[in-house]
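# I'll drop the sequence and a predicted model, then ask my questions.
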Amino acid sequence: MKNKDFTLTINSLCFDENYHPSDNTRITTNFANLARGERRRENLRDALNMIDNRFNALAHWDNPTGDRYSVELEIISVDIDIEDNGQTFPTIEILKTHMIDHKTGQRIEGIVGNNFSSYVRDYDFSVLLLDHNKDQPQFSVPEDFGDLHGKLFKYFVNSEDYKQNFAKPPVICLSVSENKTYLRTENQHPILGVEYQPNESSLTEKYFGKMGLQVRYFMPPDSVAPLAFYFVGDLLNDYTSLELISTISTMETFQKIYRPEIYNANSVAGKCYQPNLKHQDHSLTQIEYDRQERSQLAVEQGKYTLEHFIKPYQTILEQWSASYV
């Protein structure tokens, strides 16, 4: 039983070349980071073109000129009201895809999730974890690490608000980890591509596991490195080909911009693959991005979460988390 219901507010905002991040958006978020600086409009336009081109390359059947589809992106932000007094805190931000079929004129619903942004995750990784290990001789993780965040995410996905707005469970697509080795398997999916398996579990996998998500790693056709797909249920059978392509084309584009050493490398991942952000043989996109700034901002955003969410609502959150099933 839940001892208290929190109020969720779901907002959506179109992600196009005119996009401006809202005040509540984490500025380290992939899409928000593009919408800054003098070239913000060109950045956004170029990224959206990359997504459309990749989508059409993967959805090549009945698409002889490679321009049948375009992808529309919607930023979904979830605010939570802990005390039911109108004071909200931004908890989760994800992306929703739609596909426009220019041959039939249809607008087809895609997948929700894709990108994943969370202030509480910033707090967990950039404040709590660092503080926990400050004076420790060996790295360790607090026993309840990720519990609150995981329960807040599950609360959202299991809510009536989610069910009224989204037809299927979320799929979140992330980069592979530099700290692991990935082995190619014989399993191959026509859209997701060749499956890889990691040599060991990661902290990110465990963290997302507390959110109710499992993970599989696939390298799509004509990609150079595997992507991590976090999902509920059956990734290979619960989603249509076009839904999966919308996620691949969107998130692979972001990764080519943000992690070109891995996803825009000039060589393809082999049977035994270890990602490396120092890999020199890669190509850069024309899209501007400041990776160093992003790391620094994660700490600032974690501290902001501590002051404006964790501390003010600590007692309520601890009681709720202890009783939430």
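Noted; the coordinates are in hand.
# pLDDT of the host helix or strand of Lys163, averaged?
According to DSSP states H and E, Lys163 maps onto helix 160-165. Computed over helix 160-165, the mean pLDDT rounds to 94.
# Show me what it is packed against.
Under the contact criterion of 3 or more CB pairs under 8 Å, 6 or more residues apart in numbering; DSSP states H and E, helix 160-165 touches strand 7-15. Backbone N, C-alpha and C define where each C-beta goes, glycine included.
# circling back: how about whichever helix or strand comes after the helix holding Lys163 as PDB, C-alpha atoms only?
Per DSSP H and E, the first helix or strand lying C-terminal to helix 160-165 is strand 171-174. Provided in PDB are the C-alpha atoms of strand 171-174 (Å, rounded to 0.1, in the frame of the first residue of the first chain):
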ATOM      1  CA  VAL A 171      12.100   2.400 -23.800                       C
ATOM      2  CA  ILE A 172      15.200   4.300 -22.800                       C
ATOM      3  CA  CYS A 173      18.300   4.200 -25.000                       C
ATOM      4  CA  LEU A 174      21.700   5.000 -23.600                       C
END
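# Work out the sheet partners of the helix or strand just after strand 171-174 and label each with its direction, please.
Next along the chain after strand 171-174, taking DSSP H and E as the criterion, comes strand 182-189. Strand 182-189 has its sheet partners listed here by DSSP bridges as strand 193-198 (antiparallel), strand 272-273 (antiparallel).
# List the single closest residue to Asn266 in space, sequence neighbours excluded.
Nearest non-adjacent residue to Asn266, counting by CB to CB, 6 or more residues apart in numbering: Asp281, 4.9 Å away.
# Pull the contacting residues for the one you found.
265-267 (CB atoms under 8 Å, 6 or more residues apart in numbering).
# Drop the exposed ones from those residues and show what's left.
Neighbour-count burial within the contacts of Asp281 applies to Ala265; the criterion is 16 or more other CB atoms under 10 Å.
# Out of the contacts of Asp281, which comes closest to Ser323?
Closest approach between the contacts of Asp281 and Ser323, by CB to CB: Ala265, at 47.5 Å.
# Just the endpoints, please. Distance across stretch 152-169?
Chord length of stretch 152-169, first to last residue, is 15 Å (CA to CA, to the nearest Å).
# buried residues in that stretch?
By neighbour count on 16+ other CB under 10 Å, the buried set for stretch 152-169 is 152-157, 159, 162, 166, 168-169.
# Need the contact partners of that stretch.
By CB under 8 Å, 6+ apart, stretch 152-169 touches 2, 6, 8, 10, 76, 78, 80, 91-92, 96, 109, 111-112, 118, 120, 170, 211-212, 231-233, 238-239, 243, 324.
# Let's see that with 7 Å instead.
Here stretch 152-169 makes contact (CB atoms under 7 Å, 6 or more residues apart in numbering) with 8, 10, 78, 91-92, 109, 112, 120, 170, 211-212, 231-233, 238-239, 324.
# Sort out for me which of the contacts of Asp281 are in helices.
Within the contacts of Asp281, no residue falls in helices by DSSP state H.
# pLDDT and distance to Met50 added to the contacts of Asp281, as TSV?
Formatted as TSV, those follow (pLDDT from 0 to 100; distance: CB to CB, whole Å):
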residue	pLDDT	distance to Met50
Ala265	88	16
Asn266	86	17
Ser267	89	20
